[in-house]
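[1] got a structure for you, letters missing:
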């Protein structure tokens, strides 16, 4: 008995030491990725981009093999200014059709389909935390978008228009790889809020926009729709997007998600190993789609993982959680109102954008406000939680 007790004690001590060691390297990676950096990559291979970030951050970044869908030679043109490396990694992987997670003392980059359930849970938890961390970067970005500007583009390529607005507003604007960067844009507006100017630019290019991960994202409407429906878009449009009403009585969860997909046009893919599928009784009026998906998943009493992937929202229902409970799909952020600033003549878009190239730079998060004028508050959508029948 004493020998068994001693063995158990040794096992417990060893497990505690292993957990502490894992937590230590995870904290080290998280701290390194929190620091801000500036990069300007022009037609650089994915593998070289991740190597540069790894060297600068002093963390290990491992790309999955080409057999699993990772092409390290993929050429990318990306520009990031004063952005956390975590967000930079998110943009790099998102635009390459990949995801990233932390495991075995490294950042691992692979397609979503190759991730373990624990890794998917980590991504959902990270998405949930973004609503909290956005308090450090969203107010100055929104203030920049609230200022009045004059924009004059005469058949200017889309990529050049984006570069001009980035310089004018001192914000990050990311173009989807599906966008036609050479499409000529003609836009002549004055004394208009920068956000409306961005919206018109997107519309003229056949795109839409969202605000997430420290940047403005211009992408095809179906991709932006999925981002909004997942509750990740922090723009005003994202907060009121896709309000749905439903009344499910003893309905299989698969049919409930299928009805939401039909109502909104957003593809919802359900994956589960549970048989038979649970049935739900739930009703709601004018609820944001992100909240509706979360409510339906929660009403099954199963563990759920909800992650957007491109223009699709993937929902996984599990009998047992692969890791400690994750944060739910993020709630809409609280309203943020840009502070008033003295009125001034609206700035004009510069004709040419300076082209700094090459090395990266680091900087601590800046608290200095950007120039701008008073803007309206970001409004919360009205939602009523579902009531079980």
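    Arrived safely. What you see is a predicted model; the values in this text were computed from it and never measured. Residues are numbered from 1 along each chain as shown.

[2] these two touch, right, residue 246 and residue 256?
    Yes: shown here, residue 246 and residue 256 form a contact pair, counting by CB atoms under 8 Å, at 7.4 Å. For the C-beta atoms, the positions are set from N, CA and C on the backbone; glycine is no exception.

[3] Need the residues touching each of the two.
    residue 282 (CB atoms under 8 Å, 6 or more residues apart in numbering).

[4] For the two, indicate the residue with more neighbours.
    More neighbours surround residue 256 than the other of residue 246 and residue 256, with 25 against 18 (other CB atoms under 10 Å).

[5] which SSE is residue 216 in?
    Assigned by DSSP states H and E, residue 216 falls within strand 215-219.

[6] how far is that strand from where the chain is centred?
    How far strand 215-219 lies from its chain's middle: 10 Å, per CA atoms, centre = their mean, to the nearest Å.

[7] Next: stretch 255-271.
    With CA atoms, centre = their mean as the basis, stretch 255-271 stands 21 Å off its chain's centre.

[8] quick one: terminal-to-terminal distance for that stretch?
    With CA to CA, to the nearest Å as the measure, stretch 255-271 spans 13 Å from end to end.

[9] In that stretch, which residues are buried?
    For stretch 255-271, the neighbour count (16 or more other CB atoms under 10 Å) marks 256-257, 259-261, 264, 266-268, 270 as buried.

[10] what residues does that stretch touch?
    225-226, 229, 242, 244, 246, 248, 253-254, 280, 282, 289, 292-293, 296, 311-317.

[11] how does it look with 6 Å?
    225-226, 229, 242, 244, 248, 254, 280, 289, 296, 312-316 (CB atoms under 6 Å, 6 or more residues apart in numbering).

[12] tell me the mean pLDDT over that stretch?
    Averaging pLDDT along stretch 255-271 gives 89.

[13] could you show me where the strands are in the stretch 151-300 of the chain, in order?
    Assigned by DSSP state E, counting those that start in this stretch, the stretch 151-300 of the chain shows strands spanning 173-175, 184-193, 208-212, 215-219, 243-252, 267-272, 279-288.

[14] Indicate each strand paired with the third one and its parallel or antiparallel sense.
    Within its sheet, strand 208-212 is paired with strand 215-219 (antiparallel), according to DSSP bridges.

[15] List the contacts of the strand it pairs with.
    Against strand 215-219 from outside (CB under 6 Å, 6+ apart): 172-176, 202, 207, 209-210.

[16] Please list all residues in contact with residue 57.
    32, 85.

[17] what about 10 Å?
    29, 31-35, 37, 85-86, 88-89, 107, 362 (CB atoms under 10 Å, 6 or more residues apart in numbering).

[18] Weed out the non-buried ones from those.
    Among the contacts of residue 57, those classed as buried by neighbour count (16+ other CB under 10 Å) are 29, 32-33, 37, 85-86, 88-89, 107.

[19] so can I have a markdown table of the residues you listed showing secondary structure and distance to residue 75?
    Listed next are the buried ones among the contacts of residue 57 as a markdown table, based on DSSP: H, G, I helix; E, B strand; the rest coil; distance: CB to CB, whole Å:
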| residue | secondary structure | distance to residue 75 |
| --- | --- | --- |
| 29 | helix | 27 |
| 32 | helix | 26 |
| 33 | helix | 24 |
| 37 | strand | 21 |
| 85 | helix | 21 |
| 86 | helix | 23 |
| 88 | helix | 17 |
| 89 | helix | 18 |
| 107 | strand | 21 |
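
[20] between these, which is nearest residue 67?
    Of all the buried ones among the contacts of residue 57, residue 107 has the smallest distance to residue 67: 19.8 Å, by CB to CB.

[21] what about stretch 295-305, average pLDDT?
    The pLDDT scores in stretch 295-305 average 91.

[22] I should have written stretch 83-100 there, sorry.
    96.

[23] Using neighbour counts, pick out the buried residues of it.
    Buried, per 16+ other CB under 10 Å, within stretch 83-100: 83-96, 98-100.

[24] sorry, back to before: any chance of the buried residues of stretch 255-271 in CSV with distance to residue 118 as columns?
    Listed next are the buried residues of stretch 255-271 as CSV, based on distance: CB to CB, whole Å:
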residue, distance to residue 118
256, 26
257, 23
259, 30
260, 27
261, 27
264, 29
266, 26
267, 25
268, 22
270, 19
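
[25] what's the nearest residue to residue 103 if we skip its chain neighbours?
    Nearest non-adjacent residue to residue 103, counting by CB to CB, 6 or more residues apart in numbering: residue 119, 6.8 Å away.

[26] quick one: the helix or strand harbouring that neighbour to strand 267-272, angle?
    Secondary structure from DSSP H and E places residue 119 in helix 117-133. Angle, helix 117-133 to strand 267-272, by axes from the mean of the first three to the mean of the last three CA atoms, to 10 degrees: 130 degrees.
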